[in-house]
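Chemist: Fold the following and give me the result.
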Amino acid sequence: MKKAANKKAKPAETATEAESAAPQARILVLQGPNLNMLGVREPGIYGCTTLADIHLAMEDRARASGALLESFQSNHEGELIDRIQAAYSEGVDFIIINPGGLGHTSVALRDALSGVAIPFIEVHISNVHAREPFRHHTYTSGVALGVICGLGPEGYQYALDYALTRLLSR
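Modeler: Okay, here's the model as predicted:
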């Protein structure tokens, strides 16, 4: 008969220790062509808020909720597709994307988003349905969980709120 080893019992984890050990929700914010020019480009349509302002506000809100948020902007379709594919390998849980003009033209961007099967929301600062007819359709919206458009920079916060609610309640 074996003697039981004399082991000290570990104290129970506190709630904060358990929370800090839990994996954080990872959210990727992707910005397409020309969005680096926010605050300068057509302020009558897009406003005066810069991309840096949008990202800082989103990072603050995500951090306060215990989520990790990364932002990436590119004027190049292939770089956005590469970043979407990398997100899959990195275990990103949710994507918020403003594809800019690529939303209206890029089947490849749509295929990349479909291919990784990471849930995403599409955001547009302006109301694309109240603008030129070629802007009324986006290839990416057909595979998005939802689309937010015409609400200005606040649309990003609404998308983030949805993502956080969805991810943190699982």
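Chemist: C-alpha from now on. contacts and neighbour counts both.
Modeler: Will do.
Chemist: Could you look up the SS state of the residue nearest the centre of the chain?
Modeler: Closest residue to the average C-alpha location of the chain: residue 96 at 2.8 Å, with Cα atoms, centre = their mean. Three-state assignment for residue 96 (DSSP: H, G, I helix; E, B strand; the rest coil): strand.
Chemist: So residue 120 sits against residue 98, correct?
Modeler: No. With contact defined as Cα atoms under 8 Å, residue 120 does not count as touching residue 98 (10.4 Å).
Chemist: count of neighbours near residue 133?
Modeler: Neighbour count for residue 133, taken as other Cα atoms under 10 Å: 9.
Chemist: Now do it against residue 114, distance only.
Modeler: Distance, residue 133 to residue 114, by Cα to Cα, to the nearest Å: 25 Å.
Chemist: can you check residue 106 too?
Modeler: As judged by Cα to Cα, residue 106 and residue 114 stand 13 Å apart.
Chemist: swap in residue 73?
Modeler: Counting by Cα to Cα - residue 73 and residue 114 are separated by 20 Å.
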